[in-house]
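Could you look at this predicted model? Sequence included:
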Amino acid sequence: MQLVLASGNSGKIREFKQLLGDELKAFSELIAPFEITEDADSFAGNALLKARAIYERLGEEYLVISDDSGITVPLLGGEPGIYSARYAGEGATARQNLEKLITEVGRLTARTPAYYTAAIAIVSKYGEYVVHGWMYGEVISEARGDQGFGYDPSFIPEGYTQTLAELGDEVKAEISHRHKALALAKPIIEMLRHK
Ligand code: IMP
């Protein structure tokens, strides 16, 4: 069974290949990209929507993996949550989204609890699975550091004093929501592909 990742994001493709091997293909290597409306009300729902849409186009010989992720700030009523990629509006850049978060948090406090969520969906002829990973910490009302991406310059993981953008990829790989979810997804994928 061919493993396919339902993402065209090169950062995600690299992270998934590290764990699952080079036989994993991005769906854009197989079919032309098409619009998938992510209108579910949870990370898991949106991950499943993406994986199902691509599985339906590719067919039974494929095992499709997708992920959906974001950051949640309880003080902001759960924002940006599933809207993390478009917090500052449709088509907003990662920097604009980060600046909006800093502004909204800064109106209320200098730092507040927050967490990242990653949901990974797996769809194949044997059924559908979803696993999650979380990373807890705090969001601060300023940006520090230049590594990582997205909201990393304002996120301090639990047990650390620096932001993820200051800590860098090696530390992030050990503690991140995506890596925790991938570790759970891996045995399911191995089980399905050898069925
Ligand atoms: P997705 O590509 O639809 O899953 O959108 C995820 C969004 O959540 C990204 O645009 C980022 O803004 C945010 N996000 C998810 N994971 C991370 C992370 O590890 N660091 C920083 N931002 C993240």
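Alright, I've got the coordinates.

At which residues are the helices of the protein located?
In chain order, the chain shows helices spanning 10-20, 43-58, 94-106, 164-167, 169-175, 177-193, with DSSP state H as the criterion.

Can you pull up the most central residue in this structure?
The central residue of the chain, meaning the one whose C-alpha is nearest the mean C-alpha position (CA atoms, centre = their mean), is residue 69 at 3.1 Å.

Leaving out the residues flanking it, which one is nearest to that residue?
Nearest in space to residue 69, with sequence neighbours left out and distances taken as CB to CB, 6 or more residues apart in numbering, is residue 118 at 4.2 Å. (Glycine included, C-beta is placed from N, CA and C.)

dump the residue contacts of that neighbour.
By CB atoms under 8 Å, 6 or more residues apart in numbering, the residues touching residue 118 are 43, 67-69, 132-134, 176-178, 180-181.

Repeat the analysis, applying 7 Å as the threshold.
Residues in contact with residue 118, defined by CB atoms under 7 Å, 6 or more residues apart in numbering, are 67, 69, 132-133, 177-178, 181.

Ramachandran angles for the residue in the chain that the ligand sits nearest to?
Using CB to the nearest ligand atom, the single residue of the chain nearest to the ligand is residue 150, 2.3 Å away. As for residue 150, its main-chain torsions (degrees, to the nearest 10) stand at phi 60, psi -120.

What residues does the protein have near the ligand?
68-71, 84-85, 94, 97, 116, 148-152, 176 (CB under 6 Å from any ligand atom).

Out of those, grab the one that's most surrounded.
residue 68 (27 neighbours; other CB atoms under 10 Å).

okay, and the helix or strand of this structure with the least pLDDT?
helix 10-20 (a mean of 80; mean pLDDT, DSSP states H and E).

How far off centre is that one?
12 Å (CA atoms, centre = their mean, to the nearest Å).

Likewise for stretch 182-194?
What separates the centre of stretch 182-194 from the centre of its chain is 18 Å, taken as CA atoms, centre = their mean.

next one: stretch 150-164
Remark: stretch 150-164 is offset 16 Å from the chain centroid, using CA atoms, centre = their mean.

Next: stretch 87-103.
Taking CA atoms, centre = their mean, the mean C-alpha location of stretch 87-103 is offset from the chain mean by 16 Å.

coming back round to it: in a markdown table: the helices of the chain, plus distance to residue 139.
Rendered in a markdown table, the data for those read as follows (distance: least, CB to CB, whole Å):
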| stretch | distance to residue 139 |
| --- | --- |
| helix 10-20 | 21 |
| helix 43-58 | 18 |
| helix 94-106 | 5 |
| helix 164-167 | 11 |
| helix 169-175 | 16 |
| helix 177-193 | 14 |
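
which of those has the lowest average pLDDT?
For the helices of the chain, the weakest mean pLDDT is recorded on helix 10-20, namely a mean of 80.

Please identify the buried residues of that helix?
If you call a residue buried by 16 or more other CB atoms under 10 Å, then helix 10-20 has these buried ones: 12-13, 15-17, 20.
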